[in-house]
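Student: got a predicted model here, sequence first, then my questions.
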Amino acid sequence: MVDSMDVFSYFRDKGIETVNPAYYRQIEIWRSWYNSNVKKFHRYKVYRGNGTSVNCTRYSLGMAKKVCEDMADLLLNEKVTVTLSDKTTDDFVKKVLAENVWEELGNEYQEWKAALGTVAYVVYIRDAVADGSGRMTGGSVGLNYVEAAHIYPTTWQNKVITECIFTFPKTYKRKRYVHFQYHWIEDVPGENRKQYVIENTVVENTTGAGKELTPEEWEEIPAFNGLAERIETGSDQPLFIIDRLNMVNNADEDTTNPMGVALFANSIDVIRKLDLEYDSYSNEFSLGRKRIFVAPELLTTQGGDAVFDPQDTVFYELPEDYFKDTKEAMHEVNMELRIDEHSKAINDDLNWLSFKCGFGTKRYRFENGQVKTATEVISENSDLYRTLQKHEIILERVLIQLIRTIIKAGSSIGIPGLQEDTEIVIGFDDSIIQDKQSEREEDRKDVAMGALGVDEYRAKWRGETLEEARKNLPEEFNSEVIP
């Protein structure tokens, strides 16, 4: 939902159908847990029994964000390699990714994907000039990153989104605006083919009224200056790529919903319990601190000087007649801290959370008041390895589609020498896998016995395409020596 604007009423007025609005409310619930700021849970009231309540803030372990961070780092980190067989095309793609801060934002949006279920990457031509027919000339290739709350599919089949609206909120001179970017397919007049068309609309959203601006009006706003009302791409391939986790979306009764589900969507009860336990653990030190109850006369001044430091919070004054039966002037109270009980409960639930999010058990442990992450390598038959392999199925397809879209966009603005059909190899980070070294040794044996080509071996272990591997082999090669 874009700020206070009723996007779905706007869509209904336009005759546009999209995903059930209830699903987007679920996205905001996931966001609140990700931010550890859930209404009526992280801020709550405690009744004191005398007709009054105390406003309280609940401490949080922030585990919803932690599991998303870890999944993002495992899926897309600095060790993931993208290699194209054609050097000119490879250089161009890497230049575009660098210009669009992919190394940083790519990982960030993997985290948003884990947190909210879905993200999108929208390729566009920056500083392009559209002629009278809407065709683009000039400019450079840009990349917009979009998170789930701003993605509204309009056409899809078998979870594949073919038409979609993306929203981009902007603020200018204290007024809020929403840029609606609609990607849809149309028949090309007089030709037996289809093409994607991008229609842009700007709506003022300051009061949630949804007033549409004319192209002449939005030209006066710097963020929308040069924005074409309609762009014909000339291609039957979309300029957007949808990325989601490889998990069934059970947050919507509509099983055809093409959007994803948060990594922790089915673990919220465990996260809630963890925050209750951690809050209780933290309060144990506050409520259980040492106190000394003293008679009033010990807190009064004698000869102008106080008996005890008036700023010392360990002392608590009780009424004069409180000590009349015990004949004490002060009474020390040391509350027993239930540290071990709290730690065990938190560790048990950390194991549950880790298991339910696909990391296996014992990924996290609670020690000395902090959550620590296991750093040991894992085996190929572990829950975490299988989870990563499952999510990488979609991510590999997404990365290849993104790269091919960037290449096509470059060709459309006349970048010379680009090969749209170049081979693309995605090398995911396998450094967490325990027995990769033994796998490599097995491959060496296969090469030695002739069951595996040296070029195939090199391509696999050096992250090269098969063509590159063949070029990089020494001219004089001894078959018994493996590079």
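Tutor: Structure's in. What do you need? Computed from a predicted model, the values in this text were never measured in an experiment.
Student: every contact and neighbour count from this point should use C-alpha atoms.
Tutor: OK.
Student: what residues are up against Glu253?
Tutor: The contact partners of Glu253, by CA atoms under 8 Å, 6 or more residues apart in numbering, come to none.
Student: next one: phi and psi at it?
Tutor: phi -60, psi -20 (degrees, to the nearest 10).
Student: and the helices in this protein, which stretches?
Tutor: 7-14, 21-34, 63-75, 87-99, 102-116, 215-218, 268-287, 296-299, 339-356, 383-412, 436-448, 454-462, 466-472 (DSSP state H).
Student: what's the closest of these to Leu418?
Tutor: Leu418 lies closest to helix 87-99 among the helices of the chain, at 5.0 Å (CA to CA).
Student: can you mark which positions in that closest one are buried?
Tutor: Thr89, Asp90, Phe92, Val93, Lys94, Val96, Leu97 (16 or more other CA atoms under 10 Å).
Student: so who does Val46 touch?
Tutor: Ser53, Val54, Asn55, Cys56.
Student: make JSON lines out of the helices of the chain and add distance to Lys362.
Tutor: Converted to JSON lines, these look like this (distance: least, CA to CA, whole Å):
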{"stretch": "helix 7-14", "distance to Lys362": "43"}
{"stretch": "helix 21-34", "distance to Lys362": "21"}
{"stretch": "helix 63-75", "distance to Lys362": "13"}
{"stretch": "helix 87-99", "distance to Lys362": "36"}
{"stretch": "helix 102-116", "distance to Lys362": "20"}
{"stretch": "helix 215-218", "distance to Lys362": "54"}
{"stretch": "helix 268-287", "distance to Lys362": "15"}
{"stretch": "helix 296-299", "distance to Lys362": "52"}
{"stretch": "helix 339-356", "distance to Lys362": "5"}
{"stretch": "helix 383-412", "distance to Lys362": "11"}
{"stretch": "helix 436-448", "distance to Lys362": "22"}
{"stretch": "helix 454-462", "distance to Lys362": "30"}
{"stretch": "helix 466-472", "distance to Lys362": "39"}
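Student: against Leu350, how distant is the one residue sitting closest to the centre of the chain?
Tutor: Centroid check for the chain by CA atoms, centre = their mean gives Trp112 as the closest residue, at 1.7 Å. Noted for Trp112: a distance of 21 Å to Leu350, by CA to CA, to the nearest Å.
Student: need the phi and psi values for Val188.
Tutor: phi -80, psi 120.
Student: partners of the nearest residue to it once chain neighbours are set aside in the sheet?
Tutor: Excluding the flanking residues, the one nearest Val188 by CA to CA, 6 or more residues apart in numbering is Lys194, at 5.4 Å. Beta-bridge pairing for Lys194 (DSSP bridges): Asp187.
Student: quick check: Lys194 vs Val54, distance?
Tutor: 63 Å.
Student: ok, those two, which is more surrounded?
Tutor: Lys194 (15 against 9; other CA atoms under 10 Å).
Student: from Arg404, how far out is the more buried one?
Tutor: Look at Lys194 and Arg404: by CA to CA, they are 19 Å apart.
Student: among the contacts of Val46, show me the least confident.
Tutor: Sorting those by pLDDT puts Ser53 at the bottom of the list (75).
Student: neighbours of that residue, how many?
Tutor: 12.
Student: per-residue pLDDT, the closest residue to it other than its chain neighbours?
Tutor: The spatially closest residue to Ser53, leaving aside those adjacent along the chain, is Tyr47, at 4.3 Å (CA to CA, 6+ apart). Looking at Tyr47, its pLDDT reads 70.
Student: surely Tyr47 and Cys56 touch.
Tutor: No. Counting by CA atoms under 8 Å, Tyr47 does not reach Cys56; the two are 10.5 Å apart.
Student: what do these two both touch?
Tutor: With CA under 8 Å, 6+ apart, Tyr47 and Cys56 have no common neighbours.
Student: stretch 159-168: which residues count as buried?
Tutor: For stretch 159-168, using 16+ other CA under 10 Å, the buried residues are Ile161, Thr162, Glu163, Cys164, Ile165, Phe166, Thr167.
Student: dig out what the last one forms beta bridges with.
Tutor: By that I understand Thr167. Phe180.
Student: returning to what we had before: so who does the residue nearest to Val188 touch?
Tutor: Ile185, Glu186, Asp187, Val188, Ser235, Asp236.
Student: at 10 Å instead, please
Tutor: Shown in contact with Lys194 (CA atoms under 10 Å, 6 or more residues apart in numbering): Ile185, Glu186, Asp187, Val188, Gly234, Ser235, Asp236, Gln237.
Student: swap in Lys372?
Tutor: Arg363, Tyr364, Arg365, Phe366.
Student: can you pull the contacts of the closest residue to Ala262 other than its chain neighbours?
Tutor: Nearest non-adjacent residue to Ala262, counting by CA to CA, 6+ apart: Gly117, 4.2 Å away. Listed by CA under 10 Å, 6+ apart, the contact set of Gly117 reads 27, 30, 110-111, 147-149, 243-247, 249, 259-265.
Student: need the buried ones from those selected in ChimeraX.
Tutor: Here is the ChimeraX selection string for the buried members of the contacts of Gly117, based on 16+ other CA under 10 Å:
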select :27,30,110,111,147,148,149,243,244,245,246,249,259,260,261,262,263,264,265
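Student: next step: the contacts of Gly117 restricted to strands.
Tutor: Glu147, Asp243, Arg244 (DSSP state E).
Student: would you turn these into JSON lines with pLDDT and distance to Lys356?
Tutor: JSON lines is the format used below for the ones in strands among the contacts of Gly117 (pLDDT from 0 to 100; distance: CA to CA, whole Å):
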{"residue": "Glu147", "pLDDT": "97", "distance to Lys356": "24"}
{"residue": "Asp243", "pLDDT": "98", "distance to Lys356": "21"}
{"residue": "Arg244", "pLDDT": "97", "distance to Lys356": "18"}
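Student: domains of the protein?
Tutor: Taking automatic domain parsing as the reference, the chain has its domains at 269-373, 436-483.
Student: low-scoring pLDDT stretches of the stretch 301-450 of the chain, where are they?
Tutor: 301-337, 375-381, 430-438 (pLDDT under 70).
Student: run the last query once more with 50
Tutor: 434 (pLDDT under 50).
Student: now do the same contact list for Ile271.
Tutor: Listed by CA under 10 Å, 6+ apart, the contact set of Ile271 reads 33, 36, 60-64, 264, 277, 349-350, 352-353.
Student: swap the cut-off to 7 Å and go again
Tutor: Shown in contact with Ile271 (CA atoms under 7 Å, 6 or more residues apart in numbering): Met63.
Student: can I assume Val146 is in contact with Thr118?
Tutor: No. Here Val146 lies out of contact with Thr118, judged by CA atoms under 7 Å, at a distance of 8.8 Å.
Student: which one of those two has more residues nearby?
Tutor: Taking other CA under 10 Å, Val146 and Thr118 do not tie; Thr118 has more neighbours (27 against 20).
Student: excluding chain neighbours, what is closest to the more buried one?
Tutor: Closest to Thr118 by CA to CA, 6+ apart is Arg244, at 4.5 Å.
Student: I'd say that neighbour and Leu116 touch.
Tutor: No. Counting by CA under 7 Å, Arg244 does not reach Leu116; the two are 9.1 Å apart.
Student: can you get me a residue count around Leu84?
Tutor: Leu84: 23 surrounding residues under other CA under 10 Å.
Student: any idea how far Ser60 is from it?
Tutor: Leu84 is 44 Å from Ser60, by CA to CA.
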